[in-house]
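**Student:** model this:
(one chain, ligands or ions: 1)
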Amino acid sequence: MKIEQTTNLLQYLPALKDMLIRTVADGASIGFHAPVPDAEAEAYWRVVDESVSRGETLILVAHVGDKVIGTVQLAPSPKANASHRAEVQKLMVHPDARGIGIGRNLMIALEKLALENGRTLLILDTLTGDIAEGLYTKLGYTRVGTVPHYTIEADGSHGDTTFFYKHLIQESKSAS
Ligand SMILES: CC(C)(COP(=O)(O)OP(=O)(O)OC[C@H]1O[C@@H](n2cnc3c(N)ncnc32)[C@H](O)[C@@H]1OP(=O)(O)O)[C@@H](O)C(=O)NCCC(=O)NCCS
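**Tutor:** Residues are numbered from 1 along each chain as shown. Have a look, this model is predicted:
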């Protein structure tokens with residue numbers, strides 16, 4: 001299994017679609033309602049590919065050959081006052097490959113990638129109570145708080161979302 005950055009996402013398109021569809025079907029709250037139609041999954045990855053081409057998104061894939069078993073994205077902020085900040089997005093591991101450290105290793109690799117790109121503050125959010133919260137806490141992310149009713153699930157119910165951050169380097173406070 002390799003974890004690497006790619007700028008040629010479409011080479012993995014069938015596997016990426018399968019992972020997204022399976023992950024959402026498995027109950028993940030990552031912006032979609034189950035079942036995700038094949039066309040919606042394909043359109044999503046093509047939009048990500050375009051964003052990667054423009055340099056607005058950096059993406060890591062964990063793969064065995066052509067079979068992608070995990071992925072995570074980094075969106076560096078384009079704002080002038082946030083050139084040190086990036087958002088972690090869409091961490092997902094294929095349901096058949098969970099519980100063996102791929103999620104943790106993707107996050108560790110993403111932090112390294114962030115630092116290489118000059119980003120020292122990471123922010124992310126996740127469904128409150130999700131197992132991902134345990135992963136982020138163990139990796140040293142600080143829980144900021146929870147926004148109730150942040151999402152609307154397929155059955156019309158609301159989901160709460162918890163926000164986290166991590167400073168990858170401890171910076172001294174700048175003068176105000
Ligand atoms: C969250 C997710 C990425 C974890 O990936 P994974 O490869 O299975 O995770 P790992 O094997 O690296 O485990 C890392 C930590 O996650 C937590 N974790 C993973 N599986 C867990 C489970 N079944 N129950 C409880 N905690 C679990 C644990 O804290 C674990 O640390 P530990 O091994 O020291 O106990 C994966 O479950 C997933 O893709 N979920 C659906 C998508 C999603 O919700 N993404 C988060 C969006 S913000």
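
**Student:** Going by C-alpha atoms from here, please, whenever you check contacts or count neighbours.
**Tutor:** Fine.

**Student:** State the next helix or strand along the chain beyond the helix or strand where V147 lies.
**Tutor:** Under the criterion DSSP states H and E, the helix or strand holding V147 is strand 142-152. Downstream of strand 142-152, the next assigned helix or strand under DSSP H and E is strand 158-167.

**Student:** May I have that following strand as PDB, with CA atoms only?
**Tutor:** Taking C-alpha atoms only, strand 158-167 is exported to PDB below (Å, rounded to 0.1, in the frame of the first residue of the first chain):
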ATOM      1  CA  HIS A 158     -30.400  17.200  11.400                       C
ATOM      2  CA  GLY A 159     -26.800  16.300  12.200                       C
ATOM      3  CA  ASP A 160     -24.500  18.200  14.600                       C
ATOM      4  CA  THR A 161     -21.000  19.100  13.500                       C
ATOM      5  CA  THR A 162     -17.900  19.500  15.600                       C
ATOM      6  CA  PHE A 163     -15.000  21.700  14.600                       C
ATOM      7  CA  PHE A 164     -11.300  21.000  15.300                       C
ATOM      8  CA  TYR A 165      -8.000  22.700  14.700                       C
ATOM      9  CA  LYS A 166      -4.300  21.900  15.000                       C
ATOM     10  CA  HIS A 167      -1.200  24.100  14.900                       C
END
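
**Student:** neighbouring contacts of the helix or strand harbouring L106?
**Tutor:** Under the assignment given by DSSP H and E, the secondary-structure element containing L106 is helix 102-116. For helix 102-116, the surrounding residues in contact (CA atoms under 8 Å, 6 or more residues apart in numbering) are 3, 60-62, 70-74, 86, 91-93, 120, 135, 139, 168.
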